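S.K.: next comes the sequence, and after it the predicted model I'd like to discuss.
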Amino acid sequence: MGAPGASPRLSRRRLLAAGGLLAGAAALGAACGQRPGQSPPAAARPDTLRFISWSAPRAEQANLFVARERGYFRDQGIDFEYRAGQGTGDAMKQLLAGNGDVAFVGPEVIYFTADQGGDAVGIYNTYPQNLFVILSWPEAAVRAPADLKGKTIGVLSQASSSRYTVLTLLALAGLKEADVTLVATGPSPAPLLEHKVDAWSTIATTADAVQRQSGQTFAVLPARDYLNLPTDLFATTRQLYLERPDLLVRFLRAVRQGTEYTIAHPTESAEIAVKDALDIKTVPAAEVVIRAFGEAAQSDTTHAQGLGYFDLAVLREGARLYQETGLVKSRVDADRYFTNDLVAQL
């Protein structure tokens with residue numbers, strides 16, 4: 001029986017239309033942080049998102065600076081705050097301490113964090129192609145991971161993906177960290193050029209620049225030829241992932257727009273990046289780096305699913321390697337600590 005006063009001639013089509021309007025209003029209210037039936041605020045204040053990088057601003061991070069300058073963050077109601085870190089391990093430490101909302105890290109640090117009882121979640125595959133290489137003097141004869149044994153190897157820091165890449169390559173060769181000597185060099189190639197180290201773990205674009213500017217010819221051992229773990233990704237705490245998926249989705253949407261722009265417009269992106277970057281201040285040099293990282297942002301998986309998607313099979317393989325070789329003591333469930341759930345909403 002209908003409610004008192006209800007019109008018996010109210011059509012099913014009109015009921016469905018009314019229901020659609022109510023559902024749309026509820027969805028809009030949820031997106032604005034309001035309950036159904038509440039009036040939207042006259043001028044909603046943007047949400048601050050504290051981003052902890054593994055480094056100071058670099059040209060390769062042009063997608064972030066583009067997203068800020070072109071208003072992509074603003075359009076998503078995000079006040080983007082960049083905080084510099086001292087390596088991927090430091091960025092994760094700061095995230096877990098509550099000093100940020102999203103950290104820019106390598107996948108290896110998530111394995112270590114999970115092993116130590118921390119609960120961080122990888123939410124966006126920034127660079128699915130691994131860009132780390134081992135640059136070495138030809139006489140060091142580093143042609144494969146096994147050749148690293150006994151070598152003195154420079155790494156950006158002891159809490160960097162540069163170091164973790166060396167650990168991964170050693171593990172693939174059945175070697176341990178004790179089989180080499182790791183020296184923190186910072187971003188300078190001087191220790192390598194001065195023969196203070198046999199090899200240096202760095203990014204491919206940096207390796208190319210070192211060879212070009214020094215006039216020296218070095219051997220290059222690409223990590224991706226052995227295990228193509230992502231170079232970098234975005235991670236958050238499980239608490240924020242569960243409590244504020246709306247904030248994270250809006251942030252990632254702006255990042256994806258920024259990445260798409262850098263891929264399509266590398267020159268214009270370089271002009272934007274050099275305003276923030278501390279490592280490169282000329283547009284032509286920045287453009288070379290931006291093009292390389294634009295390529296690294298893409299993979300077969302992202303071509304099929306969209307920028308930011310994880311290839312979980314690769315991350316499972318990395319977790320298995322880390323457990324079997326003793327880099328972590330416990331089993332790390334990659335499907336728990338890396339997710340495509342948020343990227344699927346972009």
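M.R.: On my side now, so go ahead. Remember, predicted model here, so these are calculated numbers, not experimental data.
S.K.: and the helices in the stretch 1-150 of the chain?
M.R.: Assigned helices in the stretch 1-150 of the chain, in chain order: 12-31, 62-69, 72-75, 88-96, 107-115 (criterion: DSSP state H, counting those that start in this stretch).
S.K.: which phi and psi values does the nearest residue to V166 once chain neighbours are set aside adopt?
M.R.: Spatial nearest neighbour of V166, chain neighbours left out: S201 (5.1 Å); criterion: Cβ to Cβ, 6 or more residues apart in numbering. Heads up, the C-betas are built off the backbone N, CA and C, glycines and all. S201 adopts backbone torsions of phi -90, psi 120, taken as degrees, to the nearest 10.
S.K.: mind listing what S201 touches?
M.R.: Counting by Cβ atoms under 8 Å, 6 or more residues apart in numbering, S201 touches 132-135, 153-156, 162-163, 165-166.
S.K.: equivalent analysis for R143, please.
M.R.: 219, 221 are the contacts of R143 under Cβ under 8 Å, 6+ apart.
S.K.: for this structure, what's the longest strand?
M.R.: The longest strand of the chain (DSSP state E) is strand 120-127.
S.K.: do you know how far the residue nearest to V166 is from E194?
M.R.: As judged by Cβ to Cβ, to the nearest Å, S201 and E194 stand 17 Å apart.
S.K.: so the spatially most central residue of the chain: helix, strand or coil?
M.R.: Geometric centre of the chain, nearest residue: L233, 2.0 Å, by Cα atoms, centre = their mean. Under the three-state scheme (DSSP: H, G, I helix; E, B strand; the rest coil), L233 adopts strand.
S.K.: show me the shaky parts of this protein.
M.R.: 1-43 (pLDDT under 70).
S.K.: what's the domain layout of it?
M.R.: Domain assignment for the chain, taken from automatic domain parsing, gives 47-128+231-345, 132-225.
S.K.: circling back: what pairs with the residue nearest to V166 across the strands?
M.R.: Legend: beta-bridge partners of S201 under DSSP bridges are I134.
S.K.: quick one, strands of the chain?
M.R.: Under DSSP E, the chain gives strands at 47-52, 78-83, 102-105, 120-127, 132-136, 152-155, 181-184, 199-203, 219-222, 232-237.
S.K.: what about L96, how many neighbours?
M.R.: Neighbourhood size, L96 [other Cβ atoms under 10 Å]: 17.
S.K.: repeat that for the one 3 residues further on.
M.R.: When neighbours are defined as other Cβ under 10 Å, N99 has 14 of them.
S.K.: same deal with R320?
M.R.: Look at R320: counted by other Cβ under 10 Å, it has 13 neighbours.
S.K.: how close does it sit to V105?
M.R.: Counting by Cβ to Cβ, the gap from R320 to V105 is 20 Å.
S.K.: same question for L240.
M.R.: For L240 relative to V105 (Cβ to Cβ), the value is 15 Å.
S.K.: who has more neighbours out of these two?
M.R.: V105 (30 against 20).
S.K.: with adjacent residues omitted, what lies nearest to that one?
M.R.: Leaving aside its chain neighbours, V105 sits nearest to T88 (4.3 Å; criterion: Cβ to Cβ, 6+ apart).
S.K.: list the contacts for that neighbour?
M.R.: By Cβ under 8 Å, 6+ apart, T88 lies in contact with 54, 104-106, 108-109, 159-161, 164, 232.
S.K.: again, only using 10 Å
M.R.: 53-55, 103-110, 112, 156-157, 159-164, 232-233, 235 (Cβ atoms under 10 Å, 6 or more residues apart in numbering).
S.K.: ok, now how distant is the closest residue to K275 other than its chain neighbours from G71?
M.R.: Ranked by Cβ to Cβ, 6+ apart and with sequence neighbours excluded, the top spatial neighbour of K275 is F65, at 7.1 Å. Counting by Cβ to Cβ, the separation of F65 from G71 is 12 Å.
S.K.: which of those two has more neighbours?
M.R.: F65 (23 against 11).
S.K.: next one: that one relative to K149, how far apart?
M.R.: 41 Å.
S.K.: also D225?
M.R.: 18 Å.
S.K.: ok, G306 next?
M.R.: Separation of G306 from K149 (Cβ to Cβ): 41 Å.
S.K.: for L131, same thing?
M.R.: In terms of Cβ to Cβ, L131 sits 24 Å off from K149.
S.K.: now swap in T48 and tell me
M.R.: From T48 to K149 the distance is 48 Å (Cβ to Cβ).
S.K.: cool, T88 as well?
M.R.: 25 Å.
S.K.: next: F51.
M.R.: Taking Cβ to Cβ, one finds F51 at 38 Å from K149.
S.K.: the more surrounded of these two?
M.R.: F51 (22 against 14).
S.K.: is it true that the more buried one touches F80?
M.R.: Yes - using Cβ atoms under 10 Å, F51 is in contact with F80, at 6.5 Å.
S.K.: name the residues contacting each of the two.
M.R.: With Cβ under 10 Å, 6+ apart, F51 and F80 have common neighbours 64, 102, 251, 255.
S.K.: out of those, which comes closest to A277?
M.R.: L64 (10.6 Å; Cβ to Cβ).
S.K.: what's the closest residue to the closest one other than its chain neighbours in contact with, if anything?
M.R.: In this structure, L64 finds its nearest non-sequential neighbour in G258, 6.3 Å apart by Cβ to Cβ, 6+ apart. Going by Cβ under 10 Å, 6+ apart, G258 touches 61-70, 72-73, 269, 272.
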